[in-house]
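Asks: Sequence and computational prediction follow.
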Amino acid sequence: MAMVLANTRDMAREQWLAWRRRGIGGSDAPKILGLSRYGSAFTVWLEKIGEAEPEEPGEPAYWGTVLEPVIAAEFERQTGLKLRRRNAILQHPEHPWMLANVDRLVVGRREGVEIKTAAAWKAGEWDGDNIPDDYYVQCQHYMAVTGYQRWWIAVLIGGNAFRYKLVERDEAFIEALVAAERKFWWHVEQRVPPEPDGSDRATEYLARRYPQSNGQQIELSPEAERWIQQYEQAAQEEREAKARKEEAANHLRALLGENETGRLRTWTVSWKSYTSTRLDTKALQTEMPDVYERYLRTIESRRFLVKSNQAKEA
């Protein structure tokens, strides 16, 4: 049986976020496993140690909150089950770093309901018995915290298609999930970063942690070869993708000619004229060097570069 860590009725968002930093919530779990489209273990770690604030909820999240009572009511109508709110942050009785903010619980049963909205173009993710991986993990996390045996997902797709699915408790999965979360929470408690990823937050964190180079050279570990190869391959793919993108843009520019916009079904292509104003720093330096010098600012940063030494060694 889950413990109540805090009552969330009328709780301010800032206070709720502070409580959330005390453990791993349902939306954190898939990020830690690398199964979320909305973050990673590294971004969650930054949030838990107070180095970054969670992303502000966008418009889809806003409408998801607004429509939650409507979806809950439709679930009750179609299933005949009665739902109730649980206005609390729940805590695992043995693993205090496992937390849960559940959407609804089923009255008279050891079951809960997770309520979602999805864009129409994501409808395929819900076909048949399909459930998006991150939502499956979230449900298993909630069952781990509460001890419940089943969890439902009710989803409104594209604003006009309602679906509901049942997720059964998977003990083997929960065991692996608890182990992964325990390992992650050690990183939080010790303030030791997990493996970095490609997010902007990871890049910013590393720039803050190592703001200046010391001028020395080291011998990299063999592990570096893997990342060098990945970097070079991605750089090549990026150059090829940029060339394909520019080729497509030039074909569209040619089709537009002197016209400003063009339309095709649901698409609009524009090539507008505009005027911008920029400071001529070269002229300012020549004509008013004292003013130019007065407003110069020194900015320290580190330039990252990967290059081959083969030609030099040859």
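Replies: Everything's here; your move. Residues are numbered from 1 along each chain as shown.
Asks: need the helices for the stretch 1-150 of the chain, in chain order.
Replies: Taking DSSP state H, counting those that start in this stretch, the helices of the stretch 1-150 of the chain run over residues 13-20, 29-32, 41-48, 59-79, 133-146.
Asks: Which one, of the ones you listed, ends up nearest to P196?
Replies: Taking C-beta to C-beta, helix 41-48 is the member of the helices of the stretch 1-150 of the chain nearest to P196, at 5.7 Å. All C-beta spots, glycine's among them, are computed from the backbone N, C-alpha and C.
Asks: what about that closest one, average pLDDT?
Replies: Averaging pLDDT along helix 41-48 gives 95.
Asks: neighbouring contacts of stretch 272-284?
Replies: Stretch 272-284 has contacts (C-beta atoms under 8 Å, 6 or more residues apart in numbering) with E260, T261, V291, Y292.
Asks: what does stretch 51-65 give?
Replies: 17, 20, 38-39, 43, 46-47, 115-117, 119, 201, 205.
Asks: With stretch 205-214 instead?
Replies: Contact with stretch 205-214 is made by F42, L46, E51, A52, P193, P196, E300, S301, R302, as judged by C-beta under 8 Å, 6+ apart.
Asks: how far does it sit from the chain's center?
Replies: 24 Å (C-alpha atoms, centre = their mean, to the nearest Å).
Asks: do the same with stretch 171-179
Replies: On the basis of C-alpha atoms, centre = their mean, stretch 171-179 sits 22 Å off its chain's mean C-alpha point.
Asks: buried set for it?
Replies: L177, V178 (16 or more other C-beta atoms under 10 Å).
Asks: from now on call the first residue 609
Replies: Sure, I'll start counting at 609 from here, so that last one is stretch 779-787.
Asks: I'd like the distance between Y900 and I679.
Replies: According to C-beta to C-beta, to the nearest Å, Y900 stands 61 Å off from I679.
Asks: Validate this expectation: S884 resides in a helix.
Replies: No - counting by DSSP: H, G, I helix; E, B strand; the rest coil, S884 is located in no helix; its state is coil.
Asks: Point out where this protein drops to low pLDDT.
Replies: Across the chain, the ranges flagged by pLDDT under 70 are 919-922.
Asks: from the middle of its chain, how far away would the longest helix that it contains be?
Replies: Identified as the longest helix of the chain according to DSSP state H is helix 831-864. Distance of helix 831-864 from the chain centroid (C-alpha atoms, centre = their mean) equals 24 Å.
Asks: In contact with G634, which residues?
Replies: Per C-beta under 8 Å, 6+ apart, neighbours of G634: A708, N709, V710, E722, Q746, C747, H749, Y750.
Asks: List only buried entries from those.
Replies: Neighbour counting with 16+ other C-beta under 10 Å marks A708, N709, V710, E722, Q746, C747, H749, Y750 as buried within the contacts of G634.
Asks: what's near enough to touch the fifth one?
Replies: When contacts are counted by C-beta under 8 Å, 6+ apart, Q746 is found next to G634, S635, A637, P638, E722.
Asks: The last one and A681: what is the separation?
Replies: Relative to A681, E722 is positioned 16 Å away (criterion: C-beta to C-beta).
Asks: and if you look at the second one?
Replies: Spatial separation of S635 from A681 under the definition C-beta to C-beta is 23 Å.
Asks: Looking at those two, which one has more neighbours?
Replies: A count of neighbours by other C-beta atoms under 10 Å puts S635 above the other of S635 and A681, at 19 against 11.
Asks: Disregarding residues adjacent in the polypeptide, which is nearest to the more buried one?
Replies: Q746 (6.4 Å; C-beta to C-beta, 6 or more residues apart in numbering).
Asks: cool, L689 as well?
Replies: Once flanking residues are discounted, L689 sits nearest to V714: 5.2 Å by C-beta to C-beta, 6+ apart.
Asks: looking at it, the one you found is touching E722, isn't it?
Replies: No - using C-beta atoms under 8 Å, V714 is not in contact with E722, being 11.8 Å away.
Asks: Give me the common contacts of the two.
Replies: Common neighbours of V714 and E722 (C-beta under 8 Å, 6+ apart) are W760.
Asks: Farthest-apart pair in the buried ones among the contacts of G634, please.
Replies: Maximum pairwise distance in those, criterion C-beta to C-beta, is 13.3 Å, between N709 and C747.
Asks: Would you mind pulling the contact partners of the strand or helix carrying F781?
Replies: Following DSSP states H and E, one finds F781 within helix 779-798. Around helix 779-798, the neighbours that count as contacts under C-beta under 8 Å, 6+ apart are 631-632, 637, 640-641, 649, 652-653, 656-657, 703, 705-706, 745, 748-749, 751-752, 800-802.
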